[in-house]
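Enquirer: fold the following and give me the result.
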Amino acid sequence: MKGMRKTTDAGLGPLIPAVLAPPEVMTQAPQGFIPPPLNPIGTRLDTQELAPGVYGLLSSKLPVDNSGFVVGAHGVLVIDAHINGAMAGRIQTAVRQVTNKPILYVVNTNYHGDHTFGNYAFPAETLIVAQQKTAEGMRDIEGQKRFLLPAVDNDPTVFGDVQLRLPDVVLDEYLELDLGGRVVELYHFGHGNTPGDTVVYVPEARVAWTGNLIGGEGTIPLLIEGGAGAYLETVAKFTHTLEVGTLVPGHGVLASGAMLGRYLPYLSELIEAVRRAVRAGQNLEEALAATPLGQAYTPASAGTDSPFAAQFVAFAAGIHRWNVWRTYQGMKGEPT
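Expert: A predicted model of the protein is given here:
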C-alpha cells in the first residue's frame, strides 16, 4: 500500500434502508450501445494460480464474470458470488479442488446481480462482505433482475433460483480480513462504475480484483451510474494507493496495473472533449460525432478466441458513445 491510512470501518447487523435504486438506464442508451452479454450458460471458470494461495477464476466466455479466491491458514476468501446458484456452485467446486478449508468470506465488489445473486448458495456460516453503498443497492433484487435481463438474452430463468442474501459485514473505505498468515485488504476509493466499487487486494502478491471499476485488457471505463470526474478521481486514488502487478477484472482478460494508466488519460480526454462540445453549443448528436473513440483506446480484439471477440471493437465503441452521452448530459445539467 503506497499511501492510504489503514482504518477499519466494518459493521455487523441490520443495514440502513436502501437509498439507491438499480439504474433503469439500458433503455436510454444512445444508438450503438451493446449490452454486455452475461448469460453464463456454457461458461467454465478456469482456475489460474496467480501467486501461492492466490487464484483467479477466469471466465471462458467473455465478458461473463470472473471470480477468484485467496487461501490462508484458517480459511478462504472468495471474490464475487456470480449470477446464480449454479455459478456459485462452480466457484465452490473450484475452491474444493485446491483446499478443504472453510470459505470464511465472500466479498461483493459491487451490487449488480451478476456479482451478488450467488450469495445465497454459499454456506450459512460464510460471511458476506460489501461496501455500505453496495449493501444498500443489493436490497432491490427485483430491480436488479430487470436491469440484467437484456444482458442475459431476456431469459429470466438465468436467475430464477436466486434468493436475496444481504451482507453480514459492511465496510466504508477500508477493511482488513485476516485469513491466517495472510491479510486481504478491501478498498473503496470512491464512485466509479457503481457507487460502492470495491477493490480486493493481496499485498504480498500485488494482485487486485477490481470488479467493474477496471475492466480487462483493452477496455475503457463504463459510466453506468456516475460522472467521468468522479470516476477519474477514484482511479487516481487507486493508482496512488496500491502497487498492482496483476489485475483480475470483473469482466475480461487478466491485465496488469498498467490498465490504470489507460483509464486515467481516457477519462481526462473524455471530460475535455465533451466540455469543448458543450462550450461550442453542440447538441448531443454533434457532440457524439465530434468525440469518437481515439485510436489509442480502440482495441484490436478481445484478446481471446471467445465468440464475443468479433463484437469487442463495436462493444468498446458503444461504451464510448454511452460515456459521451452521460458526460454531456451531466455537463448540461440534464437528467441521465
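Enquirer: what comes up buried for stretch 164-174?
Expert: For stretch 164-174, burial by neighbour count (16 or more other C-beta atoms under 10 Å) applies to Arg165, Leu166, Pro167, Asp168, Val169, Val170, Leu171, Glu173, Tyr174. All C-beta spots, glycine's among them, are computed from the backbone N, C-alpha and C.
Enquirer: can you list those in TSV and add distance to Tyr266, secondary structure and pLDDT?
Expert: As requested, those are arranged in TSV below (distance: C-beta to C-beta, whole Å; DSSP: H, G, I helix; E, B strand; the rest coil; pLDDT from 0 to 100):
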residue	distance to Tyr266	secondary structure	pLDDT
Arg165	35	coil	99
Leu166	34	coil	99
Pro167	32	coil	99
Asp168	36	coil	99
Val169	34	strand	99
Val170	31	strand	99
Leu171	28	strand	98
Glu173	25	coil	98
Tyr174	27	strand	99
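Enquirer: ranking helices and strands of the chain by mean pLDDT, which lands last?
Expert: Least confident helix or strand, the chain: strand 10-12 with a mean of 31, by mean pLDDT, DSSP states H and E.
Enquirer: on contacts alone, who are the packing partners of whichever helix or strand comes after that one?
Expert: Note on strand 10-12: by DSSP states H and E, the next helix or strand toward the C-terminus is strand 45-51. Identification of packing neighbours for strand 45-51 by 3 or more C-beta pairs under 8 Å, 6 or more residues apart in numbering; DSSP states H and E yields strand 54-59, helix 85-96, strand 246-249.
Enquirer: could I get the ones you listed as TSV with mean pLDDT, distance to Lys237 and mean neighbour count?
Expert: Listed next are the helices and strands packed on strand 45-51 as TSV, based on pLDDT from 0 to 100; distance: least, C-beta to C-beta, whole Å; neighbours: other C-beta atoms under 10 Å:
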stretch	mean pLDDT	distance to Lys237	mean neighbour count
strand 54-59	98	24	23
helix 85-96	99	29	18
strand 246-249	98	16	24
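Enquirer: make TSV from these and add distance to Pro221 to it.
Expert: TSV is the format used below for these (distance: least, C-beta to C-beta, whole Å):
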stretch	distance to Pro221
strand 54-59	20
helix 85-96	25
strand 246-249	12
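Enquirer: so for Asn212, which of these sits nearest?
Expert: Closest approach to Asn212 among those (C-beta to C-beta): strand 246-249, 8.2 Å.
Enquirer: quick one: strands adjacent to the closest one?
Expert: strand 207-211 (parallel), strand 255-256 (antiparallel) (DSSP bridges).
Enquirer: just name the most buried of those strands.
Expert: Counting by mean count of other C-beta atoms under 10 Å, strand 207-211 has the highest mean neighbour count of the strands paired with strand 246-249, with a mean of 27.
Enquirer: low-confidence ranges, the stretch 1-150 of the chain, go.
Expert: 1-32 (pLDDT under 70).
Enquirer: show me the one of the strands paired with strand 246-249 that comes nearest Arg275.
Expert: Across the strands paired with strand 246-249, closest to Arg275 is strand 207-211 (C-beta to C-beta), at 27.3 Å.
Enquirer: that closest one: what's the following helix or strand?
Expert: Next element after strand 207-211 (DSSP H and E): helix 228-241.
Enquirer: neighbours of Ile83, just the number please.
Expert: 27 (other C-beta atoms under 10 Å).
Enquirer: these two touch, right, it and Gly118?
Expert: Yes: at 6.5 Å, Ile83 counts as touching Gly118 under the criterion of C-beta atoms under 8 Å.
Enquirer: give me the element the nearest residue to Ala51 once chain neighbours are set aside is part of.
Expert: Closest residue to Ala51 apart from its sequence neighbours, by C-beta to C-beta, 6 or more residues apart in numbering: Ala205 at 3.5 Å. In the assignment (DSSP H and E), Ala205 maps to no helix and no strand.
Enquirer: show me what contacts Ala205?
Expert: Leu50, Ala51, Pro52, Val54, Gly245, Thr246 (C-beta atoms under 8 Å, 6 or more residues apart in numbering).
Enquirer: beta-bridge partners for the fourth one, please?
Expert: Yep, that's Val54 we're talking about. Under the criterion DSSP bridges, Val54 forms beta bridges with Ala51, Val70.
Enquirer: how close does it sit to Val162?
Expert: 29 Å (C-beta to C-beta, to the nearest Å).
Enquirer: how about the last one?
Expert: Going from Thr246 to Val162 by C-beta to C-beta gives 31 Å.
Enquirer: helix/strand/coil for Gln144?
Expert: The local conformation at Gln144, judged by DSSP: H, G, I helix; E, B strand; the rest coil, is helix.
Enquirer: what about the residue nearest to it when sequence neighbours are not counted, how many neighbours?
Expert: Leaving aside its chain neighbours, Gln144 sits nearest to Gly113 (4.1 Å; criterion: C-beta to C-beta, 6+ apart). Using other C-beta under 10 Å, Gly113 has 27 neighbouring residues.
Enquirer: I'd say Val207 and Gln48 touch.
Expert: No: applying C-beta under 8 Å, one finds Val207 not in contact with Gln48, separated by 10.9 Å.
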